[in-house]
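In: coords please:
(chains A and B)
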2 protein chains.
Amino acid sequence: MSKKLKLGLFGLGSVGQGFYELLDQSKSPNLEIKKIVIKNPTKTRTIESSIFSTTPTDILDDLEIDIVVELIDDAAVALEILKQSLQRRKPVVTANKKMLAENLEEIFWLQKKYNTPVLYEGAVCGSIPIIRNLEMHYAYDALESFEGIFNGSTNYILTKMIDEKMSYEGALGQAQKLGFAESDPTLDVKGYDARYKLAISIAHAFGCFVKPSNILGIGIDKLSAYDIRFAKQQGCTIKLIAKAQKIGNKVFGIVAPTLIPLENPLANIKNEFNGLTLIGASTGLQMLTGKGAGSLPTGLVVLSDVASLASGFKYPYPKTTDDNSVAFEKDALINVYISSITSGVIRITDFEEFTGGYQGQGAHFMKGWISIKKLLEWIDRKDLSVLLTGDSYFRVYEPKKAHEFSLA
Amino acid sequence: MSKKLKLGLFGLGSVGQGFYELLDQSKSPNLEIKKIVIKNPTKTRTIESSIFSTTPTDILDDLEIDIVVELIDDAAVALEILKQSLQRRKPVVTANKKMLAENLEEIFWLQKKYNTPVLYEGAVCGSIPIIRNLEMHYAYDALESFEGIFNGSTNYILTKMIDEKMSYEGALGQAQKLGFAESDPTLDVKGYDARYKLAISIAHAFGCFVKPSNILGIGIDKLSAYDIRFAKQQGCTIKLIAKAQKIGNKVFGIVAPTLIPLENPLANIKNEFNGLTLIGASTGLQMLTGKGAGSLPTGLVVLSDVASLASGFKYPYPKTTDDNSVAFEKDALINVYISSITSGVIRITDFEEFTGGYQGQGAHFMKGWISIKKLLEWIDRKDLSVLLTGDSYFRVYEPKKAHEFSLA
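Out: Modelled structure (predicted):
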């Protein structure tokens, strides 16, 4: 880092502001923001106005600008900025999880094609260094599985509902008031946001690419007071868990509300915090926790990425090798509780392996191994709620034969 | 990593074996061990004998060997190997915490002098990526403090004593039987091992160097059944904690048994696991946990370091800048409980600020802020036991004046 690097910044929202402030405070002699491209030039800002522009080419076509920092909301525009930056051999730092998750395979190849790196630690769980550690620390470890709390607003809502007995609506309102949840909370509470982060993490953990739309995501919006009482009775709490597991050369993944035993360290990750546990063949169980979002935590990670680019770092994608035959598999069997306040809503035959029915807390619970495909059929049903069991792993799905009998 | 890199390995103990096996399994086309220098050539080994040598220069003077991996026990010999490797411009990976902790400032300068990097993630808490994250992830964050469980064998012993009511001797014996504690457990139970790791971490967290002998280390060998009952009564467990804090441009550090409230996430790190929490100005509270030792966990980290070297990575030491005026300060005030089964062993005037005396559980407890210097005077006394309070931070020590009165 001897030469002074000039940065072009797209977007000055919450993360952009945090990044700008931290870089400013750092008084780094090697990094300088030359231009900030914004959408709305009429907004009042505290930064000197000559740095602003509304024309993307003011950054893209400026030969003096070495690194592009993309922190806008719009995924389609962000992708265009990324592509044009790489074409011009400008390395990119981005935190746009939707854009990354939906286009990661293409972005992987574009980096190779233009020999220009993209770093995006801020896209997955804010301040927690997940991607960097998957790339470097776990490069030679055979990861078996990982699971975690990848969304802060739903974790905040669940903490308030379970620990403080607030209603879903009340908890959501408070999360919105504190800025932990968007005014349209759909992306969070229906598990979309966590799916984006899971898709990105799977690529780095196992070396295979998966579109987020191929991952089943069950939200927390159908959880009932019955479910919460039931969880407590079982010595558990409920967390919205994103998890992935490798079995042979297949990778499975899901986002779903999950019964987490209180002695599981994920049970203690509360409010807006994120965290994950990983199981590696050599390293065994590891855990990382921290703030999953926020102006300064995510801004700091963006700044770390910029500094890493400046020192020549790029993701080696150690698991995305030519001979990696690992592929994501949409369907699998998972171990669930399904609850409904009316009986007869689901049948024993819906399960691949039915392990028990319970009535209590005012609701009916049925437990067993069920296919992801079957759960997908029910995704819009409001009369039932699905909880993964905390000990559940994936099982490869080999559908039952229709007529399993012998004539002998 | 296009060229095949040849490695020279010193030592084939537990970590060396793990490293060798993992590299072998990885079938990496880019990394190959060319020579292993061992002390004892008569030991039966499963590896082909032509790879072994007992002559260090067989590695050091081999121009084909690109990287030196140093995994021997002897700190003095390890330092010599490191120096000779750097002189020959061979990058080094080592996990020798004693050698590193006692010579880190010199090793920092030697890397600059010879423009040749040394990586040593395996020296601090085995599989947990602490150094890498301090270097990269926290490069631009102003860390305020960190504290953690840096020694697996003492954590195993404390877990057995507190959760399973085993005696100290019984727990130590079991740890030795399982291979978590050495036959001479002094380094672990007296806190030396944790001090080495703390000294190394302080350099990367705050950019200042401290000799481990300048850090007060209180072991777990004087903890009594009274202390454990007292901790439980307070809703706490006891952990051997290594902690450091920056106040202004002073850094403080200590290793000591500490009362940890059960709701503190460190309380849940049990048996041979390690873990630490960090508080950064931007990132807030973060936690990392995992296996702190062992053949495969540490071997994996050594392999990650080798792969990082191969891809051009070196520690940027972002906080060890010319204008960093931060310095380690030996003395400070800390908040402690001191217990003894006999009364009158310590006096109220021993404290800088006395906050209470308690009698219970068959022992006398005195609580207050006391200077590290005073505790150092008592380090060999067997009739009292010191517990840091869990909420304790350091206070800058400004000694009380001898005659604090006014004539007015």
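
In: what about the spatially most central residue of chain A, distance to chain B?
Out: Residue closest to the average C-alpha location in chain A (CA atoms, centre = their mean): residue A:197, at 2.1 Å. For residue A:197, the distance to chain B equals 17 Å [CB to the nearest CB, to the nearest Å]. For glycine as for every other residue, the C-beta is placed from the backbone atoms N, C-alpha and C.

In: Same question for residue A:63.
Out: Going from residue A:63 to chain B by CB to the nearest CB gives 26 Å.

In: still on that earlier bit, and the average pLDDT for the helix or strand containing the residue nearest to the centre of chain A is what?
Out: Secondary structure from DSSP states H and E places residue A:197 in helix A:192-206. Averaging pLDDT along helix A:192-206 gives 97.

In: Give the next helix or strand downstream of it.
Out: Tracing the chain past helix A:192-206, the next element assigned as helix or strand by DSSP H and E is strand A:216-217.

In: Now do that next one: distance to the chain's middle.
Out: The chain centroid and the centroid of strand A:216-217 are separated by 12 Å under CA atoms, centre = their mean, to the nearest Å.

In: so after the helix or strand bottoming out on mean pLDDT in chain A, what's the next helix or strand?
Out: Scoring the helices and strands of chain A by mean pLDDT, DSSP states H and E places strand A:353-360 at the bottom, with a mean of 87. Next helix or strand after strand A:353-360 toward the C-terminus (DSSP H and E): strand A:363-371.

In: Walk me through which strands that following strand pairs with, and which way each runs.
Out: Neighbouring strands of strand A:363-371 in its sheet, by DSSP bridges, are strand A:333-340 (antiparallel), strand A:353-360 (antiparallel).

In: related to what we said a few turns ago, could you dump the helix holding residue A:197 to PDB, C-alpha only?
Out: Extracted in PDB, the C-alpha atoms of helix A:192-206 (Å, rounded to 0.1, in the frame of the first residue of the first chain):
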ATOM      1  CA  TYR A 192     -35.600 -14.200   1.800                       C
ATOM      2  CA  ASP A 193     -32.700 -12.200   3.300                       C
ATOM      3  CA  ALA A 194     -31.300 -15.300   5.100                       C
ATOM      4  CA  ARG A 195     -31.600 -17.300   1.900                       C
ATOM      5  CA  TYR A 196     -29.400 -14.800   0.000                       C
ATOM      6  CA  LYS A 197     -26.800 -15.100   2.700                       C
ATOM      7  CA  LEU A 198     -27.100 -18.900   2.900                       C
ATOM      8  CA  ALA A 199     -26.600 -19.200  -0.900                       C
ATOM      9  CA  ILE A 200     -23.400 -17.000  -0.800                       C
ATOM     10  CA  SER A 201     -22.100 -19.000   2.200                       C
ATOM     11  CA  ILE A 202     -22.700 -22.300   0.500                       C
ATOM     12  CA  ALA A 203     -20.600 -21.300  -2.500                       C
ATOM     13  CA  HIS A 204     -17.600 -20.500  -0.200                       C
ATOM     14  CA  ALA A 205     -18.100 -23.500   2.200                       C
ATOM     15  CA  PHE A 206     -18.700 -26.200  -0.400                       C
END
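
In: which other helices and strands contact that helix?
Out: Contact analysis of helix A:192-206 by 3 or more CB pairs under 8 Å, 6 or more residues apart in numbering or on different chains; DSSP states H and E lists helix A:97-114, helix A:130-132, strand A:143-149, strand A:216-217, strand A:236-247, strand A:250-261 as its packing neighbours.

In: Nearest to chain B, out of the ones you listed?
Out: helix A:130-132 (6.5 Å; CB to the nearest CB).

In: If you count neighbours, what's buried in that closest one?
Out: Going by neighbour count (16 or more other CB atoms under 10 Å in any protein chain shown), the buried part of helix A:130-132 is A:130-132.

In: Touching that helix from outside, list them.
Out: With CB atoms under 8 Å, 6 or more residues apart in numbering or on different chains as the test, helix A:130-132 has contacts from A:120-121, A:123-124, A:200-201, A:204, A:276, A:288, A:308, A:315, B:132-133, B:136-137.

In: again, only using 7 Å
Out: A:120-121, A:124, A:201, A:204, A:276, A:288, B:136-137 (CB atoms under 7 Å, 6 or more residues apart in numbering or on different chains).

In: So which of those residues are in strands?
Out: Applying DSSP state E to these, the entries found in strands are A:276, A:288.

In: Looking at the contacts of helix A:130-132, which is nearest residue B:365?
Out: Nearest to residue B:365 among the contacts of helix A:130-132 is residue A:288, at 36.8 Å by CB to CB.

In: Tell me how many other residues crowd the nearest residue to the closest one once chain neighbours are set aside.
Out: In space, residue A:288 comes closest to residue A:128 once its chain neighbours are excluded; the distance is 5.2 Å by CB to CB, 6 or more residues apart in numbering or on different chains. Close neighbours of residue A:128, defined as other CB atoms under 10 Å in any protein chain shown, add up to 29.

In: same thing with the one 10 residues further on?
Out: The tally of other residues near residue A:138 (other CB under 10 Å) stands at 24.

In: contacting residues around it?
Out: By CB under 7 Å, 6+ apart, the neighbours of residue A:138 are residue A:280.

In: any idea how far it lies from residue A:191?
Out: 25 Å (CB to CB, to the nearest Å).

In: now swap in residue A:149 and tell me
Out: On the measure of CB to CB, residue A:149 and residue A:191 end up 12 Å apart.

In: can you check residue A:80 too?
Out: For residue A:80, the distance to residue A:191 (CB to CB) stands at 27 Å.

In: Pick out whichever of these two has more residues nearby.
Out: residue A:191 (29 against 15).

In: Need the nearest residue in space to that one, chain neighbours excluded.
Out: Residue A:191 sits nearest to residue A:217 (CB to CB, 6+ apart), 3.5 Å away.

In: What about the one you found, how many residues nearby?
Out: Residue A:217 has 21 nearby residues by other CB under 10 Å.

In: Kindly report the residues of chain A close to chain B.
Out: Proximity of chain A to chain B (CB under 7 Å from any CB of the partner chain) is limited to residues A:22, A:26, A:127-129, A:132-133, A:136-137, A:139-141, A:265, A:268, A:282-291, A:296-297, A:299-300, A:303-304, A:307-308, A:311-312, A:316.

In: hmm, which of those residues are the buried ones?
Out: Neighbour counting by 16+ other CB under 10 Å classes A:22, A:26, A:127-129, A:132-133, A:136-137, A:139-141, A:265, A:268, A:282-284, A:286-291, A:296-297, A:299-300, A:303-304, A:307-308, A:316 among these as buried.

In: Could you list which of these belong to strands?
Out: Per DSSP E, these map to strands at A:284, A:286-291.

In: and which of those residues is nearest to residue A:44?
Out: residue A:291 (27.9 Å).

In: doesn't residue A:122 make contact with that closest one?
Out: No. Using CB atoms under 7 Å, residue A:291 makes no contact with residue A:122, being 11.7 Å away.

In: Low-confidence regions, chain A specifically.
Out: Within chain A, the stretches with pLDDT under 70 are A:1-2, A:392, A:400-408.

In: Domain parsing of it, as residue ranges.
Out: Domain segmentation of chain A under automatic domain parsing yields A:5-119, A:131-291+A:326-388.

In: Return the most buried member of those.
Out: Compared across the domains of chain A, domain A:131-291+A:326-388 shows the largest average neighbour count, a mean of 20 (mean count of other CB atoms under 10 Å in any protein chain shown).

In: could the strands paired with strand A:363-371 be laid out in a markdown table, adding distance to residue A:254?
Out: Shown next, in a markdown table, are the strands paired with strand A:363-371 (distance: least, CB to CB, whole Å):
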| stretch | distance to residue A:254 |
| --- | --- |
| strand A:333-340 | 6 |
| strand A:353-360 | 17 |
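
In: For the contacts of helix A:130-132, give me CSV that also has distance to residue A:344.
Out: Formatted as CSV, the contacts of helix A:130-132 follow (distance: CB to CB, whole Å):
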residue, distance to residue A:344
A:120, 47
A:121, 49
A:124, 42
A:201, 39
A:204, 44
A:276, 38
A:288, 44
B:136, 56
B:137, 53
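
In: Noted, bye for now.
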